[in-house]
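A.B. asks: Dropping the sequence and predicted coords here.
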Amino acid sequence: MSARKKIIGIVVIALVLIVGVILLGFLSVSFNQPLVQDFEKGVNDVDFGDWVPAADVPSDPNNPGNRVQWRIQRSSNFSRSGTRSAEFFIDGTQDDGTIWLERKISVKPTAQFPVSVSFRLYSESESFNTLAAVVAYADTAKPVEEADFTVIGSANEQAGWKRYVHNATINTDGSGKAYVAVGISVRWETLLAYYIDDIVIEHPRL
């Protein structure tokens, strides 16, 4: 075998090995077991496991010294799978306020990677007006206010269950922690109630 053929053979083998490593990395991300929350388990109506309710809501002028009413709780009123979902209620008469469920996830430190969060939201009716925005979040810091969230749709796009998806790229620090959140944000001066079920988070594991 000539020296030229040997060199070509070595290059081909090296390229095959490189492509193999890339494909293994891709498959490990693509087929990672997702994190799923279907709200079936809990010792009471406010037990969400790893998820925590949070809000950025205005003061209530009709109840000085207090914020407008809101709640997030497990409910059997509507469900897409099983018998439970998460009910999101907020008094939107001040035309302001965002409420959400958030959870911390463990991720690879000091890295850049994609995160996808999808979920189903139930609206009792369709409306041409945007009564509430559907919002989501994925980043390394906890969300604390409405401005942190990305609007991914309108809550009244159709009656019944609708799937929403939020894709983000996260640049992590050395802590190996990130946060994901889903919720609603007031866009109309009225009382608002929606239901969320089957939250799925997909991201590379450690």
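C.D. replies: Cool, got the structure.
A.B. asks: Now the helix or strand containing residue 168: buried residues?
C.D. replies: Secondary structure assignment for residue 168, by DSSP states H and E: strand 160-171. By 16 or more other CB atoms under 10 Å, the buried positions in strand 160-171 come out as 161, 162, 164, 166, 168, 170. Every C-beta, even on glycine, is put in place using the N, C-alpha and C of the backbone.
A.B. asks: is it true that the first one touches residue 124?
C.D. replies: This points to residue 161. No: the pair residue 161 and residue 124 does not pass the contact test of CB atoms under 8 Å, sitting 11.0 Å apart.
A.B. asks: who does the residue nearest in space to the middle of the chain bridge with?
C.D. replies: Central residue of the chain (CA atoms, centre = their mean): residue 117, 4.1 Å from the mean position. Beta bridges link residue 117 to residue 166, residue 201, judged by DSSP bridges.
A.B. asks: Of the buried residues of strand 160-171, which is the nearest to residue 63?
C.D. replies: Ranked by distance to residue 63 (CB to CB), these are led by residue 164 at 32.0 Å.
A.B. asks: Contact partners for the residue nearest to the centre of the chain?
C.D. replies: 136, 138, 165, 166, 180, 182, 199, 200, 201, 202 (CB atoms under 8 Å, 6 or more residues apart in numbering).
A.B. asks: Please tell me how far the last one sits from residue 167.
C.D. replies: The one in question is residue 202. Computed as CB to CB, to the nearest Å, the residue 202 to residue 167 distance reads 9 Å.
A.B. asks: Please identify every residue contacting each of these two.
C.D. replies: Contacts common to residue 202 and residue 167, judged by CB under 8 Å, 6+ apart, are 115, 116.
A.B. asks: how about low-confidence regions in this structure?
C.D. replies: 1-32, 205-206 (pLDDT under 70).
A.B. asks: hey, where'd the helices end up in it?
C.D. replies: Listed from the start of the chain, the chain has helices (DSSP state H) covering 3-30.
A.B. asks: Got the domain ranges for the protein?
C.D. replies: What automatic domain parsing lists as the domains of the chain is 1-31, 35-202.
A.B. asks: Give me whichever of those is most buried.
C.D. replies: By mean neighbour count, with neighbours taken as mean count of other CB atoms under 10 Å, domain 35-202 ranks first of the domains of the chain at a mean of 17.
A.B. asks: can you tell me the distance between the two ends of that one?
C.D. replies: 7 Å (CA to CA, to the nearest Å).
A.B. asks: Run the chain-centre distance for it.
C.D. replies: Centroid separation between domain 35-202 and its chain, computed with CA atoms, centre = their mean, to the nearest Å, is 7 Å.
A.B. asks: What are the boundaries of the strands in the protein?
C.D. replies: 35-37, 52-56, 70-75, 85-91, 98-106, 112-123, 132-139, 150-154, 160-171, 177-186, 191-202 (DSSP state E).
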